[in-house]
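Chemist: Let me see the structure of the following:
(2 chains)
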Protein chains: 2
Amino acid sequence: MTHDDMKALEARIDARIDETLDFWIGQLGRLCAQPSISAQGVGIQECAELTATMLREQGFSAEILPTGGSPIVFGESAGKSNRTLLLYNHYDVQPPEPLELWETPPFTLTRVGDTLCARGVSDDKGPLITRMAAVAAVRDVLGELPLRVKYFVEGEEEVGSPNIPGAIDAYKDKFAADGCIWEFGSVDYSGRPEQTLGMRGLCYVELSVETAAMDCHSGLGGSLIPNAAWRLVWALNTIKGPDERIRIPGFYDNALPATARDMEYLAKQPDDAADLLETYGLKGFLLGKSGGVELRRMAVFEPSATINGLDSGYQGPGAKTVLPARASAKIDFRLVPDQTPEEIVPLLRAHLDAEGFEDVAVRYVAGVKPARTDPDDPFVQLSIQAAEDVYGLEPIVAPLIGGSGPLHPFIHVLGVPVVTSGCGYPHSRVHAPNENIRIPDFINGIRHTARIITRFAAM
Amino acid sequence: MTHDDMKALEARIDARIDETLDFWIGQLGRLCAQPSISAQGVGIQECAELTATMLREQGFSAEILPTGGSPIVFGESAGKSNRTLLLYNHYDVQPPEPLELWETPPFTLTRVGDTLCARGVSDDKGPLITRMAAVAAVRDVLGELPLRVKYFVEGEEEVGSPNIPGAIDAYKDKFAADGCIWEFGSVDYSGRPEQTLGMRGLCYVELSVETAAMDCHSGLGGSLIPNAAWRLVWALNTIKGPDERIRIPGFYDNALPATARDMEYLAKQPDDAADLLETYGLKGFLLGKSGGVELRRMAVFEPSATINGLDSGYQGPGAKTVLPARASAKIDFRLVPDQTPEEIVPLLRAHLDAEGFEDVAVRYVAGVKPARTDPDDPFVQLSIQAAEDVYGLEPIVAPLIGGSGPLHPFIHVLGVPVVTSGCGYPHSRVHAPNENIRIPDFINGIRHTARIITRFAAM
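Modeler: Model prediction:
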């Protein structure tokens, strides 16, 4: 197909998207009306069935795959070529609480000016509908899909996707694809679309110490009896010091540095340091950094150890002279490629033992591996170019972001390059009351996915 | 008076104590029936008035002195000589909760076998009644008191006696005395009476850190944004390490070591190390100590730093990937003579500043100075000998105990030697449900105080 032919085709597809917009906003309302709160076990099966029904209405075969947790909805349609595009989304949402802060009913899609409001409208029912709308528009214009499309819609993303790696191992052939669009995508304050190519991993552990059968009076025991809170403090202190270097031997062995190509993309990212300082009321960042590409590199390419919580003894008002028998801390390690949570736990255990903290128990709570797609993969470059064409602005490319998700089995078990596309913006209030998207972003999300489909088929 | 005359006199007083025992158990019931919970502000004024009434019924003048907190009941009676004995007690009690664990009503004195059960019966209404009973028995037998007696009965001991040092400064002349009996006294498992000659001081502080205006997602901020929990851990780690040495420069400057005389008394104390290990389910004590005089020295003559509580971030079940903006710790320092809480706070502040923790705030919550009476004071030796005569066993002398109380202004402002006497035993369940004393201990407590009165008058 010539460049001009492609432009003409995409113009016809865009027109079809405009014609069907109201229908798809209606479908978004239908999906948002079904609560699907994985943290509370509310409406999961019902929403899986609704998702399957909606896929079938669009001519897809759809099945509901058990995982041990929330089921996966798997939809599939043949296309002109055997090249396969995998669409990863999730039908579960965050709890709507606190309800009193919602200005519109959380499970009723409500249009307010140019925005659509409901729980899940940005994370992640809106993006799922943009893909259904794009697939339908392309098929309507071409008469058939130019490539094979698979939907992988899971239902436990909001609780850490604990069963997804296992499900991908189990159904590897079923999910096989040549490229994948990840669940999310946003524009920044200036309207530039963001393209995310990797996520850090996570290793979440709880450390706990029990030094005695019961708490003791500090007058009796202060000079005599081991104190769980002190043991915990000393153990934590061996894990990281004010230099922010994680002191667990071997921790960094598999941590890959940013490449020259990563640094190029980081250099082109907007500098949001001032915004961050203001939002969080900070005097400065760690290690005296104030902004620039080095701050952005550190933010994602340095693995981190965050104490999420400390708990010991008396925490009420005033004085209680107690010597606590128990203390615990929650810590998450954010991991960079090629670290894994599976290797960190024994390293941590060995480190604590070597430092004399055999009494500090380590419990592995949750984890995912880090993963990233090669920025130079042609599918990635295709998605970046398509975004630039749709949004009219140069995309912001993030070779890695600080957060974590079940990206690893897609990239490393299924072996597909993964790009992002969605309909969010900085005020989408994801996970918060009054979650919303803007209709122009919704349209652009549909157009971006449609262009990925047509260009990937032609590639 | 000859030794035989004194023995004959004391036998008559003991007989009078036996005759009046039921009356005084009744008076103890009357006092225990009046709740007086300083922590909850329940019945304080009423109990002060009842105490004053009971003193007046015994021929004492009694006044209720305001302190800014709970009032002090001050009672006074002239005697044959101008030598003055001061009796320190408190009419307030600990809260009775948890109520469901009481086997008898907490504010109804109930006899169960040989024990008397009620809140405050050991701490400290029972000891107060033993003194009233001893004073009455001596006066009944002699026709008049052989020396001047003053009662100092406060009402906020259970909340740290915050207004007592100020009240003693304000009413110094009124409280002037030549010797003082402190509020408490017990026998140990073998029936040996305990004589306490000093208490450690206390400096209770709260450390807190605020690193940001709000909590942050750990994926976003883990490598970028200061974490209050880490700041707190690192700051605490500079205060004490696993060697148990407090690292605040100047902390030990005024800490006096145990004297040779102290070590003699410590050497004669029973070895309760095995009991402690069993009670608290310990594998061992701090610094690898297993028992003996060195353990007992360390327990009280080494100042301590106890973390009483740690509080930061998420402490619920499972994983929350939060980077906390706030963290706090409560710490109590137990002080030995001649350390003071007033000197420790600025030393701690200077230390944290020097270590780079200007961001860690220090709030002084409460404190008392350590204090001790010279073991060789004749009044002390008199009390020890009187206890040996009453109990028929060699008293256990503690030159210093691990706990803290408002002892300092008595010894160092009023300038009086202070001894102990009471009616407790190891299962008195002080501060707990089913607080109780044994009637034979109650009688011995009365006899001990009566002997102190007669012998101190004759000294």
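Chemist: For A:Ile17, give me its contacts.
Modeler: A:133-134, A:137, A:443, A:446-447, A:450 (Cβ atoms under 8 Å, 6 or more residues apart in numbering or on different chains). Backbone N, C-alpha and C define where each C-beta goes, glycine included.
Chemist: Let's see that with 10 Å instead.
Modeler: By Cβ atoms under 10 Å, 6 or more residues apart in numbering or on different chains, the residues touching A:Ile17 are A:24, A:130, A:133-134, A:136-138, A:140-141, A:442-444, A:446-447, A:449-450.
Chemist: Whichever of those end up buried, select them in PyMOL.
Modeler: Buried members of those, defined by 16 or more other Cβ atoms under 10 Å in any protein chain shown, are picked up in PyMOL with:
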select buried, chain A and resi 24+130+133+134+136+137+138+141+442+443+444+446+447+449+450
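Chemist: Could you list which of the contacts of A:Ile17 belong to strands?
Modeler: Using DSSP state E to define strands, no part of those is located there.
Chemist: hmm, who's touching stretch A:101-109?
Modeler: By Cβ under 10 Å, 6+ apart, stretch A:101-109 touches A:25-37, A:43, A:93, A:95-97, A:99, A:110-112, A:115-121, A:125-126, A:429, A:432-436.
Chemist: Distance across stretch A:109-126, terminal residue to terminal residue?
Modeler: 11 Å (Cα to Cα, to the nearest Å).
Chemist: Then stretch A:304-321?
Modeler: Note: stretch A:304-321 ends 35 Å apart using Cα to Cα.
Chemist: about what we covered before: mind checking which of the contacts of stretch A:101-109 are buried?
Modeler: Using 16+ other Cβ under 10 Å, the buried ones in the contacts of stretch A:101-109 are A:25, A:27-29, A:31-32, A:34-37, A:43, A:93, A:95-96, A:110, A:115-121, A:125-126, A:429, A:433-436.
Chemist: hey, which helix is longest across chain A?
Modeler: The residue-count maximum for a helix in chain A (DSSP state H) belongs to helix A:3-32.
Chemist: avg pLDDT for stretch A:329-348?
Modeler: Mean pLDDT, computed over stretch A:329-348, is 98.
Chemist: show me where pLDDT drops low in the stretch 351-459 of chain A?
Modeler: Filtered on pLDDT under 70, the stretch 351-459 of chain A yields no residues whatsoever.
Chemist: Which positions in it make contact with chain B?
Modeler: Proximity of the stretch 351-459 of chain A to chain B, by Cβ under 10 Å from any Cβ of the partner chain, involves residues A:355-357, A:359, A:365-367, A:401-405, A:431.
Chemist: For the closest residue to chain B within the stretch 351-459 of chain A, which residues are in contact?
Modeler: When distances are taken as Cβ to the nearest Cβ, the stretch 351-459 of chain A reaches nearest to chain B at A:Gly403, 3.3 Å away. By Cβ under 10 Å, 6+ apart, A:Gly403 lies in contact with A:196, A:199-200, A:202, A:300, A:334, B:217-220, B:222, B:321.
Chemist: That one and A:Asp377: what is the separation?
Modeler: The spacing between A:Gly403 and A:Asp377, counted by Cβ to Cβ, to the nearest Å, is 21 Å.
Chemist: cool, A:Leu50 as well?
Modeler: 34 Å.
Chemist: mind checking pLDDT for the closest residue to A:Trp24 other than its chain neighbours?
Modeler: Spatial nearest neighbour of A:Trp24, excluding adjacent residues (Cβ to Cβ, 6 or more residues apart in numbering or on different chains): A:Ala133 at 4.1 Å. On pLDDT, A:Ala133 comes in at 98.
Chemist: What residue spans form the domains of chain A?
Modeler: By the assignment in automatic domain parsing, chain A contains the domains A:3-199+A:370-458, A:201-255+A:303-368.
Chemist: how long is the first one end to end?
Modeler: Taking Cα to Cα, the span from the opening residue of domain A:3-199+A:370-458 to its closing residue is 11 Å.
Chemist: so how far is that domain off the chain centroid?
Modeler: Taking Cα atoms, centre = their mean, to the nearest Å, one finds domain A:3-199+A:370-458 lying 12 Å from the centre of the chain it belongs to.
Chemist: again with the last one
Modeler: Once both centres are worked out by Cα atoms, centre = their mean, domain A:201-255+A:303-368 turns out to sit 27 Å from its chain's centre.
Chemist: And the residue nearest the centre of chain A?
Modeler: Residue closest to the mean C-alpha point of chain A, counted by Cα atoms, centre = their mean, is A:Gly405 at 4.4 Å.
Chemist: A:Gly160 is in contact with that residue, correct?
Modeler: Yes. Using Cβ atoms under 10 Å, A:Gly405 makes contact with A:Gly160 at a distance of 9.0 Å.
Chemist: what lines up beside whichever helix or strand A:Leu87 is part of in the sheet?
Modeler: Here A:Leu87 sits within strand A:84-90, counting by DSSP states H and E. Here strand A:84-90 has these sheet partners by DSSP bridges: strand A:148-154 (parallel), strand A:179-182 (parallel).
Chemist: Using JSON lines, lay out those strands together with mean pLDDT and distance to A:Ala235.
Modeler: Formatted as JSON lines, those follow (pLDDT from 0 to 100; distance: least, Cβ to Cβ, whole Å):
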{"stretch": "strand A:148-154", "mean pLDDT": "98", "distance to A:Ala235": "36"}
{"stretch": "strand A:179-182", "mean pLDDT": "98", "distance to A:Ala235": "37"}
